[in-house]
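> quick one: sequence plus predicted model below, questions after.
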Amino acid sequence: MKTNVRAMLYLGGAVMFWGTSFAVTKSAYSALPPMTVVWLRMLLALVAFLPLLPRVKRPDYQPGDWKLLGMAALFLPCLYFLGEGFAIRYTTSSQAGVIAAVMPLIVAVSGWVVLRERPASRTVVAVVLSIIGVAGLSIGGAAQADAPNPMLGNLLELGAMFAAAGATLTISRLSSRYDPLLITGLQMAAGSVFFAPLALASGPIEWAAVPASAWAAIAYLGIACGLAAFGLYNSALRLVPATRAALTINLVPVVALVAGWLALGETLSWLQLVACAVIIGAVVYAEARPAPAVDMGKSDPVPVAESWPAEHGVES
């Protein structure tokens, strides 16, 4: 399977899981405190990871990698879910999903400065279109009864996006030497430890009174939106630059809006539908590659994006 297609499949799966996570999280919060939900999803994801540990490839550790691994885990899941965990409590799942679309812009700028990944012209155009789409989503949204403080919630979600951008840039520097599954497991382990005292500080819980729907939501958040989504996204970072991978996250608000509309009854205006189409079109435009010119008198060069995985032991 072509590298670009594999990357898109990985990213598409992560987007679907993360996009639906906002509505599912909102549902879980109706029965449990935010930090308890986050801790349980981390713990469940870690338990699901442990049987997969024997399949993890031995990493090519280099001196100083512990700093990058620590930063990656601190950014995501620790700081990310610390911000998003409370953001969903104060704003709607749809608005929180919309804020997620600013992460590609943060990654594009930071990647240029930190990783010297100069964005292609298609990426720049796609980011601009995405910003226009996000603006349309925000303008078209109406106040919701279950959003007591949307400004605070949206600011917390924005902080979570900065943390996610930091994790994306950090993991992209490790992805060529570390199994994506190993990075995912380390993230889940860090989250399980980090959020345990915060969950305990949330107060006593009558576990017997927690409805089955809340447990189902936590199971989905832990396994699908946690272990599976993180693993897919980390795998994609081995195949495409961080900027292109992050750009696909612009599809998260589209999925979040639709999920919030279908599952929670959150409103979706015509302007928001148009904005969703703009965002989807921007991502498709950025990922579409023009066919390379063929010169019969010369051997065809191998594109960097196609040759890189093969050089590092990744099949294409």
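Nice, thanks for sending it over.
> any regions of the stretch 1-150 of the chain where pLDDT drops low?
Across the stretch 1-150 of the chain, the ranges flagged by pLDDT under 70 are 1, 115, 117, 134, 137-147.
> show me what contacts Thr168?
Going by C-beta atoms under 8 Å, 6 or more residues apart in numbering, Thr168 touches 103, 107, 237, 242, 245-246. Where you see a C-beta, it was placed from the backbone N, CA and C, and this is true even at glycine.
> buried subset of those residues?
103, 107, 237, 242, 245-246 (16 or more other C-beta atoms under 10 Å).
> what's the farthest-apart pair in these?
Met103 and Leu237 (13.6 Å; C-beta to C-beta).
> related to what we said a few turns ago, tell me which of the contacts of Thr168 is nearest to Lys2?
For the contacts of Thr168, the nearest to Lys2 is Ala245 (16.2 Å; C-beta to C-beta).
> residue contacts, the closest one?
Taking C-beta under 8 Å, 6+ apart as the test, what Ala245 contacts is 7, 11, 168, 172, 233, 236-237.
> which one of these has the most neighbours?
Tyr233 (28 neighbours; other C-beta atoms under 10 Å).
> wait, Ala31 touches Val210, no?
Yes: if you go by C-beta atoms under 8 Å, Ala31 and Val210 touch, sitting 5.3 Å apart.
> so which of these two has more stuff around it?
Ala31 (18 against 15).
> how far away is the more buried one from Val254?
27 Å (C-beta to C-beta, to the nearest Å).
> how about Ala216?
Where Val254 is concerned, Ala216 sits at a distance of 24 Å (C-beta to C-beta).
> what does Trp18 give?
To Val254, Trp18 is 11 Å away according to C-beta to C-beta.
> list the buried ones in stretch 164-181?
164-175, 178-181.
> quick one, phi/psi of Ala72?
Per-residue torsions, Ala72: phi -60, psi -40 (degrees, to the nearest 10).
> can you pull out the strands in the stretch 1-150 of the chain?
For the stretch 1-150 of the chain, applying DSSP state E, counting those that start in this stretch gives no strands.
> could you find the closest non-adjacent residue to Leu237?
Of all residues not flanking Leu237 in the chain, Ser175 sits nearest, at 4.5 Å (C-beta to C-beta, 6 or more residues apart in numbering).
> what is the burial count for the residue nearest to Ala189 when sequence neighbours are not counted?
With C-beta to C-beta, 6+ apart as the criterion, Ala189 has its nearest non-adjacent residue at 5.6 Å, and that residue is Leu46. Using other C-beta under 10 Å, Leu46 has 22 other residues around it.
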